[in-house]
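> just need the structure, nothing else, for what follows:
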Amino acid sequence: MNSSTTGSQGRAGKAGAFKRLRSTAAITAAKLATRASRATGRGAGGMIGGLIAGAIDPGILEELGGGRPAVLVTGTNGKSTTTRMLAGAVASRYTVATNEGGDNMDAGIISALLAGEKASHVVLEVDELHVPAVADKLDPAALVLLNLTRDQLDRVGEINSIERKLRSAVEAHPEMTVIANCDDVLVTSVAFDAPNVVWVAAGPGWTGDSVSNPRGAGYIVRTDDDWYATKPLDDGREFRRPTPDWTVTDEGLTDPDGTLHPLDLALPGRANRGNAAQAIAGAVEAFGVDKHAAIKAAESVDDVAGRYTTNSWNGRDVHLLLAKNPAGWQEALSMVDRSANGLVIAVNGQEGDGADLSWLWDVRFEEFEDIAVKASGERGTDLAVRLLYAEIEHELIHDPLDAIAACPPGRVEVLANYTALLNLKKALAKEASHD
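Residues are numbered from 1 along each chain as shown. I've put the predicted structure just below:
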């Protein structure tokens, strides 16, 4: 062996030793920070550990992945719910690392992998913008694509650019199984050329952002159970709704064999039936989970990060619902109990919500004439103007807790965006601790 070869091996050995040392230091520091955060009551530790680990070792995400079979869940709405259902289904057969708190960017993902470092499989919800980078680092076995609609314009940007980025991520990982909602035009575009795609008819939801053909000329025409582009693609193919392998309806879930399985979910709403269908399909198709076990796991989910909980406070049963964008708000509005004694709609405009609230004008608030409505939150005035134009009688009370107190005793429905819901949950918990 000549001296140059020996020198190269020595340098490689030192580099490897330094990498291992840096990873060890990153993991140790992250665990200490997480424990400290929990012990001092500053938080659940879902972010701080990942932030510190990523700062010390930029390659830590790939290191923690360790080549374990992973599935990523992404889309504008339903990521947390679908991930919870999917993780439960996979857990019926394997041990699972997952970001059940909903922290879906790099720091949260690193923390989840740290917490589940001994798990055999990985199930992660991932922010749409982060999917390409996370997929490159984890080389996932599967990707679940839920839906794509307008979100926080000041952070996410124009929705067709997100579609193109996700399409590139799918093209970069041809071995990956893609579980895709064929009722969503933009999701279908992302997965259209994927070699290994499982199509799920999970419901179209919001269609206002998929009028034009994302892959070519023409526009999209919809019928009851179909959609198609008016002009062919450049290669002559027709861009049309694919034939689904799995289909969810009010009656249940039909699998690829044509068998109809009853689906009795604890969570409300049509959108959650679609989420369950994709979670079940993902568990079965990607990891070979038994169909019945996957269905049972989806049916057992009754709460996702406090987004569907009911809290008793001050003579009122306060039912919480989260909504973050036009599609989410429209779906959440359909879940509101119209026989409730009051409805509080709370809107903030912080970083987690997006400062641009122009989407309020795309949401149909016109159907709440028979319930006492309170406009609330830091941006309650913006909401009050929208309700005024919707001709909905309402009262503006900026503090959500005060708004709930102003409702008649009984059941109060609360529909809030991200930070408004988070702050209200904290306020309710504080009130409960004083009782």
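
> now stretch 82-93: mean pLDDT?
Mean pLDDT, stretch 82-93: 97.

> distance from that stretch to the middle of the chain?
14 Å (Cα atoms, centre = their mean, to the nearest Å).

> buried sites along it?
Across stretch 82-93, burial judged by 16 or more other Cβ atoms under 10 Å covers 82-93. To be clear about C-beta, it is placed using only N, CA and C from the backbone, and glycine gets the same treatment.

> now those in TSV, with distance to residue 118 and secondary structure?
Shown next, in TSV, are the buried residues of stretch 82-93 (distance: Cβ to Cβ, whole Å; DSSP: H, G, I helix; E, B strand; the rest coil):
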residue	distance to residue 118	secondary structure
82	24	helix
83	20	helix
84	20	helix
85	23	helix
86	20	helix
87	15	helix
88	18	helix
89	20	helix
90	15	helix
91	14	coil
92	18	coil
93	16	coil
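
> what is the nearest of these to residue 116?
residue 87 (9.9 Å; Cβ to Cβ).

> for the closest one, give me its contacts.
Residues near residue 87 by Cβ atoms under 8 Å, 6 or more residues apart in numbering: 96, 98, 100, 123.

> same question for residue 402.
Counted by Cβ under 8 Å, 6+ apart, residue 402 has contacts residue 376.

> please identify the helix or strand for it.
Assessed by DSSP states H and E, residue 402 sits inside helix 400-405.

> buried residues in that helix?
Neighbour-count burial for helix 400-405, counted by 16+ other Cβ under 10 Å, picks out 400-401, 403-405.

> got it, and stretch 402-420?
In stretch 402-420, counting by 16+ other Cβ under 10 Å, buried: 403-407, 411-420.

> related to what we said a few turns ago, for the buried residues of stretch 82-93, which one is nearest residue 207?
Among the buried residues of stretch 82-93, residue 82 lies closest to residue 207 (Cβ to Cβ), at 19.8 Å.

> if we can go back for a sec, moving C-terminal from the helix holding residue 402, which element do we reach first?
Heading C-terminal from helix 400-405 (DSSP H and E), you reach strand 410-416.

> counting contacts, what elements does that next one pack onto?
Under the contact criterion of 3 or more Cβ pairs under 8 Å, 6 or more residues apart in numbering; DSSP states H and E, strand 410-416 touches strand 316-322, helix 326-335, strand 342-346, helix 400-405, helix 418-434.

> can we see that at 7 Å?
strand 316-322, strand 342-346, helix 400-405 (3 or more Cβ pairs under 7 Å, 6 or more residues apart in numbering; DSSP states H and E).

> and residue 122, what is it in contact with?
65, 68-70, 97, 113 (Cβ atoms under 7 Å, 6 or more residues apart in numbering).

> filter these down to the ones in strands?
Members of the contacts of residue 122 lying in strands (criterion: DSSP state E): 70, 97.

> which one of the contacts of residue 122 sits in the busiest neighbourhood?
residue 113 (27 neighbours; other Cβ atoms under 10 Å).

> so it makes contact with residue 64?
Yes. Residue 113 is within contact range of residue 64, at 3.8 Å (criterion: Cβ atoms under 7 Å).

> any idea how far stretch 98-106 is from the chain center?
Here the centre of stretch 98-106 is set off from its chain's centre by 9 Å, with Cα atoms, centre = their mean.

> what average pLDDT does it get?
89.

> export the helices and strands packed on strand 410-416 as TSV, with columns for distance to residue 232 and mean pLDDT.
Shown next, in TSV, are these (distance: least, Cβ to Cβ, whole Å; pLDDT from 0 to 100):
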stretch	distance to residue 232	mean pLDDT
strand 316-322	40	93
strand 342-346	44	95
helix 400-405	51	96
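
> for the ones you listed, give me a markdown table that also has distance to residue 334.
Putting those into a markdown table (distance: least, Cβ to Cβ, whole Å) gives the following:
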| stretch | distance to residue 334 |
| --- | --- |
| strand 316-322 | 10 |
| strand 342-346 | 13 |
| helix 400-405 | 21 |
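
> which among those is found nearest to residue 369?
Set against residue 369 and scored by Cβ to Cβ, those come closest in strand 342-346, at 11.4 Å.

> quick check: mean pLDDT of the next helix or strand after the closest one?
Elements were assigned by DSSP H and E; along the chain past strand 342-346, the next helix or strand is strand 373-376. Here strand 373-376 scores 96 as its mean pLDDT.

> circling back to that earlier point, out of the helices and strands packed on strand 410-416, flag the one nearest residue 194.
Distance to residue 194, taken as Cβ to Cβ, is lowest for strand 316-322 among the helices and strands packed on strand 410-416, at 30.4 Å.

> out of the contacts of residue 87, who's nearest residue 223?
Among the contacts of residue 87, residue 123 lies closest to residue 223 (Cβ to Cβ), at 35.0 Å.

> so how far is the helix or strand hosting the closest one off the chain centroid?
Element membership for residue 123, per DSSP H and E: strand 121-125. On the basis of Cα atoms, centre = their mean, strand 121-125 is displaced by 13 Å from the centre of the chain it belongs to.

> same deal with stretch 206-216?
21 Å.
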